[in-house]
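Engineer: the following comprises the amino acid sequence and a computationally predicted model.
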2 protein chains.
Amino acid sequence: MRWARFEQDGQPTYGLVEGDTIVPVRGSPFATWEATGTRRPLAETKLLVPVVPPTFYAAGLNYAEHVREVAAKVGQPPNLPPQADIAYRANNALIADGEAIVIPADAGEQVQYEGELVAVIGRRCKNLTRETALSAVLGYTIGNDVSERAWQKGDRTLWRGKNTDTFKPMGPWIETEVDLDRLVTRVRLNGEELIAFRTNEMVFGVVDFLVRMTRYVTLHPGDVVWMGTEGATKNMKHGDVCEIEIEGIGTLRNPVVREGA
Amino acid sequence: MRWARFEQDGQPTYGLVEGDTIVPVRGSPFATWEATGTRRPLAETKLLVPVVPPTFYAAGLNYAEHVREVAAKVGQPPNLPPQADIAYRANNALIADGEAIVIPADAGEQVQYEGELVAVIGRRCKNLTRETALSAVLGYTIGNDVSERAWQKGDRTLWRGKNTDTFKPMGPWIETEVDLDRLVTRVRLNGEELIAFRTNEMVFGVVDFLVRMTRYVTLHPGDVVWMGTEGATKNMKHGDVCEIEIEGIGTLRNPVVREGA
């Protein structure tokens, strides 16, 4: 199933994507729901971020090549993480499929995409095991972990380097039927494919993170875990369109504008 | 005014604390509200955390003496932060006044309190100025930024060092009438006062943080900003009771238990 979120009668509403239509439901995929018996055209529906998480988790450095690339950019030696220590992003930065990534006027040139798989937690859980971990995942969506590299390098934290408003596109929807080992992530800038990588070739996979995290933290319905990106990333500039496609999930597409440009 | 949050008829409900009673309201202090005309005894009411924030901000190192103490504990040179770069904590870790701080069985001995002032944002805002910043604050509450120092030092992030379940007591309520310059924070362990400091003698104050943050991030009603702590902190162990008092706001009191003890 494919869960989209959109506004209907002024309220955020969930619906099932079926072909080129959406079937709105009463309730939510995180609790109970029932179809309303209505349909609306997908193409004419402005989607919202598929969930606003209670806590916004992010793996950060989680692919071998990307670890080396980021280390070179911020002038530090590359270190593969020795254990699955999760990090955080912030809800203020979330935008939906189709909305604009807005680069602040005083940002540098190195504002870069990072295409990521996002696991969406479906139920309250703690102390997951390797056998039960994936049962806590409702489904998967796509994230673009937009990063300003000068702020990422120079600030004490990642607050504006990663969490400036609009720097966290997420969507277009949550796909519940996913075979992690078959996924390929593709990043396109203005239609040109810049990188493609096997999504599940992570340093630590979804199961690794969920098992380790839930020894200490309770996950809640709607929490998201962004799983990191692979390879080199390039600058985005005013007028660009960035697309992250994960086959079997969908495509997250966002235009880029610079304030004052 | 003093806003408390509690469960009534199975729903989180806000109410005004007046003496030894609570006056429940319909609505919330973050939108519109009206008194219900009922009262209930404060002493018999189990309080909830006063707000579950959309984003949970924390200043981290923000008092001169504490910067030196933490640097010594984690084996790094002390560096006063050069600018107000905000950090984050996680909602899973929040507990209310009176609830137990639970130390995991595999945690070390250095599980320590940090008594902090918490600013609660009242309205959506961006680009605050030094003149308008405090108008975005609904009021203030108290936080205990419980920290396991070995994890804080050894992990790649602060995820379990700071955000293990129950490591973020916050409350007891939100006080809207506060003169920041008159506040004194006192930390007591089992009734013994271990530290007292002038709350507003921060490296960067509430206004500094709100102005800098809102150049890049939009704050939302209910967001919280924990302002950091001063001085040395000591270990808490099974059976202890930790109290953080800020005169004019209230006292946040939490017992400590260790799993398996």
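Structural biologist: Everything's here; your move.

Engineer: what about A:Thr233, how many residues nearby?
Structural biologist: By other CB atoms under 10 Å in any protein chain shown, 24 other residues sit near A:Thr233. C-beta coordinates here come from the backbone N, C-alpha and C atoms, glycine included.

Engineer: that one: what's it in contact with?
Structural biologist: A:Thr233 makes contact with A:His66, A:Glu69, A:Gln112, A:Tyr113, A:Glu114, A:Ser147, A:Ile195, according to CB atoms under 8 Å, 6 or more residues apart in numbering or on different chains.

Engineer: and chain B, which of those residues contact it?
Structural biologist: The subset of those within reach of chain B, by CB under 8 Å from any CB of the partner chain, is empty.

Engineer: now stretch A:191-205 - C-alpha only, CSV.
Structural biologist: Presented in CSV, the C-alpha positions along stretch A:191-205 are these (Å, rounded to 0.1, in the frame of the first residue of the first chain):
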residue,chain,number,x,y,z
GLY,A,191,17.2,15.5,-15.3
GLU,A,192,20.8,14.4,-15.4
GLU,A,193,21.6,11.3,-13.2
LEU,A,194,24.5,12.1,-10.9
ILE,A,195,24.7,9.0,-8.8
ALA,A,196,23.0,5.7,-8.4
PHE,A,197,23.7,3.3,-5.6
ARG,A,198,22.2,0.1,-4.1
THR,A,199,20.1,1.5,-1.3
ASN,A,200,20.7,-1.3,1.2
GLU,A,201,24.5,-1.3,1.0
MET,A,202,24.7,0.6,4.2
VAL,A,203,27.4,0.4,6.9
PHE,A,204,24.6,-0.3,9.4
GLY,A,205,21.2,-1.3,8.0
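
Engineer: contacts for it next, please.
Structural biologist: Outside stretch A:191-205, the residues that touch it by CB under 8 Å, 6+ apart are A:59, A:61-64, A:67, A:80-81, A:83-84, A:115, A:117, A:180-181, A:183-188, A:212, A:227-228, A:230-234, A:241, A:243, A:246.

Engineer: show me which residues of chain A sit near chain B.
Structural biologist: A:52, A:54-55, A:60, A:81, A:83, A:85-88, A:90-93, A:104, A:126, A:155-157, A:159-160, A:163-165, A:213, A:215-220.

Engineer: out of the contacts of A:Thr233, which are inside helices?
Structural biologist: A:His66, A:Glu69 (DSSP state H).

Engineer: out of the contacts of A:Thr233, the closest to B:Thr21 would be?
Structural biologist: For the contacts of A:Thr233, the closest approach to B:Thr21 (CB to CB) belongs to A:Ser147, at 50.8 Å.

Engineer: can you say which of the residues of chain A next to chain B are buried?
Structural biologist: Among these, the ones that count as buried by 16 or more other CB atoms under 10 Å in any protein chain shown are A:54-55, A:60, A:81, A:85-88, A:90-93, A:104, A:155, A:157, A:159-160, A:163-165, A:213, A:216-220.

Engineer: can you find the helix or strand of chain A with the lowest average pLDDT?
Structural biologist: Of all helical and strand segments in chain A, the minimum by mean pLDDT, DSSP states H and E falls on helix A:64-74, at a mean of 83.

Engineer: who does it touch, helix- and strand-wise?
Structural biologist: Helices and strands touching helix A:64-74, by 3 or more CB pairs under 8 Å, 6 or more residues apart in numbering or on different chains; DSSP states H and E, are helix A:149-154.

Engineer: if we can go back for a sec, only the buried subset of the contacts of stretch A:191-205, as a ChimeraX command please.
Structural biologist: Buried members of the contacts of stretch A:191-205, defined by 16+ other CB under 10 Å, are picked up in ChimeraX with:
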select /A:59,61,62,63,67,81,84,115,117,180,183,185,186,187,188,212,227,228,230,231,233,243,246
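
Engineer: partners of the helix or strand hosting A:Leu117 in the sheet?
Structural biologist: If you go by DSSP states H and E, A:Leu117 is part of strand A:115-121. Its sheet considered, strand A:115-121 pairs with strand A:137-144 (antiparallel), strand A:224-226 (antiparallel) by DSSP bridges.

Engineer: how far does that strand sit from its chain's centre?
Structural biologist: 5 Å (CA atoms, centre = their mean, to the nearest Å).

Engineer: pull it out as CSV, backbone CA atoms only.
Structural biologist: Extracted C-alpha coordinates of strand A:115-121, given in CSV (Å, rounded to 0.1, in the frame of the first residue of the first chain):
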residue,chain,number,x,y,z
GLY,A,115,19.3,11.2,-1.3
GLU,A,116,18.2,8.9,1.5
LEU,A,117,15.8,6.0,2.3
VAL,A,118,13.5,6.8,5.2
ALA,A,119,12.0,4.2,7.5
VAL,A,120,8.7,5.2,9.0
ILE,A,121,7.9,3.6,12.4
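
Engineer: which residues touch it?
Structural biologist: By CB under 8 Å, 6+ apart, the residues outside strand A:115-121 that reach it are A:50-51, A:58, A:136-145, A:170, A:174, A:183, A:185-187, A:195, A:199, A:206, A:210, A:219-229, A:244, A:246, A:249.

Engineer: just the buried residues of these.
Structural biologist: A:50-51, A:58, A:136-145, A:170, A:174, A:183, A:185-187, A:195, A:199, A:206, A:210, A:219-229, A:244, A:246, A:249.

Engineer: now, those that are in strands?
Structural biologist: Counting by DSSP state E, the part of the buried ones among the contacts of strand A:115-121 found in strands is A:58, A:137-144, A:170, A:174, A:185-187, A:195, A:224-226, A:244, A:246.

Engineer: ok, now which ones touch whatever residue of the stretch 1-150 of chain A ends up closest to chain B?
Structural biologist: Minimum separation of the stretch 1-150 of chain A from chain B (CB to the nearest CB) falls at A:Asp85, amounting to 4.0 Å. A:Asp85 makes contact with B:Asp155, B:Arg156, B:Thr157, B:Trp159, B:Arg160, according to CB under 8 Å, 6+ apart.

Engineer: these: which two are farthest apart?
Structural biologist: Largest separation among these by CB to CB: B:Arg156 and B:Arg160, giving 10.9 Å.

Engineer: buried sites along the least confident helix or strand of chain A?
Structural biologist: By neighbour count on 16+ other CB under 10 Å, the buried set for helix A:64-74 is A:His66, A:Val67, A:Arg68, A:Glu69, A:Val70, A:Lys73.

Engineer: what about the nearest residue to A:Phe167 once chain neighbours are set aside, neighbour count?
Structural biologist: Leaving aside its sequence neighbours, A:Phe167 sits nearest to A:Val146 (CB to CB, 6 or more residues apart in numbering or on different chains; 4.1 Å). Residues lying near A:Val146 (other CB under 10 Å) number 26.
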